[in-house]
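> any chance you can model this:
(one chain, ligands or ions: 1)
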Amino acid sequence: MAGALKIGIAGLGTVGSSLARIITGRANELSVTCGRAIEITAISARDRSRDRGIDLSGMAWFESAEEMAARADIDVLVELIGGAEGPAERVVRAALDRGLHVVTANKALLARHGVELAALAEKKGVLLNFEAAVAGGIPVIKALRESLTGNRISRVYGIMNGTCNYILTRMEKEGLSFQDCLTEAQRLGYAEADPTFDIEGNDTAHKLAILTTLAFGTQIAADEIYLEGISNISIEDIEAAADLGYRIKLLGVAQQTDSGIEQRVHPTMVPRDSVIAQVDGVTNAVAIESDILGELLMVGPGAGGDATASAVLGDIADIAKSRPGEQRVPVLGTPAAALEPYRRARMRSHEGGYFIRLTVADRTGVFASVATRMAENSISLESIVQRASSTAPATEAKTIILVTHATTEASVRNAVAAIKAEDYLVGEPQVIRIERPKAF
Ligand SMILES: NC(=O)c1ccc[n+]([C@@H]2O[C@H](COP(=O)([O-])OP(=O)(O)OC[C@H]3O[C@@H](n4cnc5c(N)ncnc54)[C@H](OP(=O)(O)O)[C@@H]3O)[C@@H](O)[C@H]2O)c1
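Okay, here's the model as predicted:
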């Protein structure tokens, strides 16, 4: 049997301590499956005195994770600190520079520095694995990077943030407001004390940027994503969506179009009978549409110590089973030097169906005026209904809900701008894009 694969873990928080517990608890099984033992020989975190529920004896403790990356007797550096810059970045660079394999769960780091780090790993002839960085335990990186090789991918989309999906699910099931559900998610530990990064879509955007690169062979373009969070989704939207046969999810979507690649993160209406609409709570889902395979949909745990550690462990096992110097697959699916520049499709050119909710003064002619503004912008309507407003007295305001057939973002924006210029609108219009899964 080959010698043990020596691991150094930087960061022993939620994921790091789960990983250490699993590796130490399953040593025998892992050595049989991987053909060699996997040993944690070095560890680093901030607070040495914190009880992490694991026996750390026999592992060298490093006050500095960078020191560990630079000097410890290890073959693989596992980075589980987090953050795009700072210690996580320095640790990963130091390890790659030294010719160590690296495994990380850090989407923020990869979204910012992924191409450079991939190039460094390729230059050094080592592996940089990051399955856990997108959708936690779901093996989507491996699917895109290896299993779908040769397929031309047209669209990748998914629910990639458990906090948002939990909030939207609770709003629908319990009829609670966004704020109430957020407070509950924070109490249960599903949302951070500062939830901005999750609820405004930034976390999904980081993951989407990585998937786009793997799917389309383009450079990572995390700053070129159209971003809309879920904080302005109201219970009225959710109820109207349900009446129309839809559910609202925060989706990240990357799509090849004639004018470039669309990357967008926004609340999305999906048909209620589609599989992705049934993905509730903190569960994640990623769909990939390609020409040879058709549609692939993966559903599973997107976060949590054990689920994430499962993906990290899979990456470590791949390294344990590889031959020295072997780089079976490029880090980002395509060699870093061969990645194409990212060509952004303009959001105004996006084509799809739209849900538009307007609160309007209860006056004769308003309904007809709204329909006219739509027609003037060549928007064909699947439905238009008027109902009593749940936020204003019925005698003063009405709600008009429109669902369009496929149209362009530009047409919808122009029509909404024209309606806003009228004097009958009460409050801001709500516009939610509709996404239709191909197969499921
Ligand atoms: N949690 C999840 O469900 C999940 C899912 C997918 C991906 N991820 C990713 O996994 C990574 C880790 O997440 P996590 O939830 O495990 O984070 P966490 O619970 O906050 O743990 C971070 C760990 O890093 C340590 N640390 C911080 N600064 C350090 C430094 N300068 N040197 C050495 N150690 C340092 C902390 O030490 P102390 O313990 O001493 O404070 C802590 O052990 C992140 O990139 C995250 O995005 C997490």
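> in the chain, what helix or strand scores lowest on average pLDDT?
When the helices and strands of the chain are compared on mean pLDDT, DSSP states H and E, strand 381-388 comes out lowest with a mean of 91.
> partner strands of it, with direction?
Sheet partners assigned to strand 381-388 using DSSP bridges are listed as strand 397-404 (antiparallel).
> next helix or strand past the partner strand?
Sequence order places strand 407-408 as the next helix or strand after strand 397-404, per DSSP states H and E.
> neighbouring contacts of that following strand?
Strand 407-408 is contacted from outside by 348-354, 377-380, using C-beta atoms under 8 Å, 6 or more residues apart in numbering. In this view, the C-beta of every residue, glycine as well, is placed from N, C-alpha and C.
> partner strands of that strand and their direction?
Short version: by DSSP bridges, strand 407-408 pairs with strand 351-361 (antiparallel).
> ok, which stretches of the protein are helices?
Listed in chain order, the helices of the chain (DSSP state H) span 14-25, 27-34, 65-71, 87-97, 107-124, 140-142, 162-174, 178-187, 196-199, 202-216, 235-244, 305-321, 366-376, 409-420.
> get me the contact residues on the stretch 301-440 of the chain for the ligand.
303-304, 308 (C-beta under 6 Å from any ligand atom).
> ok so, going back, let's have the contacts of strand 407-408 in a markdown table, adding pLDDT, distance to A119 and neighbour count.
Listed next are these as a markdown table, based on pLDDT from 0 to 100; distance: C-beta to C-beta, whole Å; neighbours: other C-beta atoms under 10 Å:
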| residue | pLDDT | distance to A119 | neighbour count |
| --- | --- | --- | --- |
| R348 | 97 | 34 | 12 |
| S349 | 96 | 32 | 14 |
| H350 | 98 | 32 | 21 |
| E351 | 97 | 35 | 13 |
| G352 | 98 | 36 | 19 |
| G353 | 98 | 41 | 18 |
| Y354 | 98 | 41 | 25 |
| N377 | 98 | 46 | 19 |
| S378 | 98 | 46 | 11 |
| I379 | 98 | 46 | 21 |
| S380 | 97 | 48 | 10 |
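> mind putting the residues you listed in a markdown table, distance to G58 included?
Shown next, in a markdown table, are the contacts of strand 407-408 (distance: C-beta to C-beta, whole Å):
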| residue | distance to G58 |
| --- | --- |
| R348 | 60 |
| S349 | 59 |
| H350 | 55 |
| E351 | 59 |
| G352 | 56 |
| G353 | 59 |
| Y354 | 60 |
| N377 | 69 |
| S378 | 70 |
| I379 | 67 |
| S380 | 69 |
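> which of the residues you listed lies closest to S259?
Set against S259, the nearest of these by C-beta to C-beta is S349 (5.5 Å).
> quick check: closest non-adjacent residue to the closest one.
Distances taken as C-beta to C-beta, 6 or more residues apart in numbering place S259 nearest to S349, at 5.5 Å, with adjacent residues excluded.
> again with L296
With C-beta to C-beta, 6+ apart, the residue lying closest to L296 is I288, at 4.7 Å.
> hmm, A254 and the one you found touching each other?
No: assessed by C-beta atoms under 8 Å, I288 is found out of contact with A254, at 10.0 Å.
> so for these two, which residues contact both of them?
Common contact partners of I288 and A254 (C-beta under 8 Å, 6+ apart): 155-156, 215.
> these two touch, right, L250 and N202?
No: if you go by C-beta under 8 Å, L250 and N202 don't touch, sitting 11.4 Å apart.
> between the two, which one's more packed in?
Taking neighbours as other C-beta atoms under 10 Å, L250 and N202 compare with L250 leading, 27 against 18.
> okay, and the beta partners of the more buried one?
Counting by DSSP bridges, L250 is bridged to P267.
> who are the contact partners of it?
159, 161, 164-165, 168, 201, 204, 229-230, 265-268.
> again, only using 10 Å
158-161, 163-165, 167-168, 198-201, 203-204, 228-230, 233, 265-268 (C-beta atoms under 10 Å, 6 or more residues apart in numbering).
> now I74, nearest residue through space, not along the chain?
Leaving aside its chain neighbours, I74 sits nearest to G8 (3.8 Å; criterion: C-beta to C-beta, 6+ apart).
> what about whichever residue of the stretch 251-400 of the chain sits closest to the ligand, distance to A135?
Using C-beta to the nearest ligand atom, A303 is the residue of the stretch 251-400 of the chain that sits closest to the ligand, at 3.4 Å. Using C-beta to C-beta, to the nearest Å, A303 is found at 9 Å from A135.
> swap in A336?
Plainly put, A336 is 23 Å away from A135 if you go by C-beta to C-beta.
> neighbour count winner among these two?
A135 (32 against 20).
> so the residue of the stretch 251-400 of the chain closest to the ligand sits against A132, correct?
Yes: with contacts counted by C-beta atoms under 10 Å, A303 reaches A132, the gap being 9.5 Å.
> more neighbours: which of those two?
Ranked by neighbour count (other C-beta under 10 Å), A303 and A132 place A132 first, with 30 against 21.
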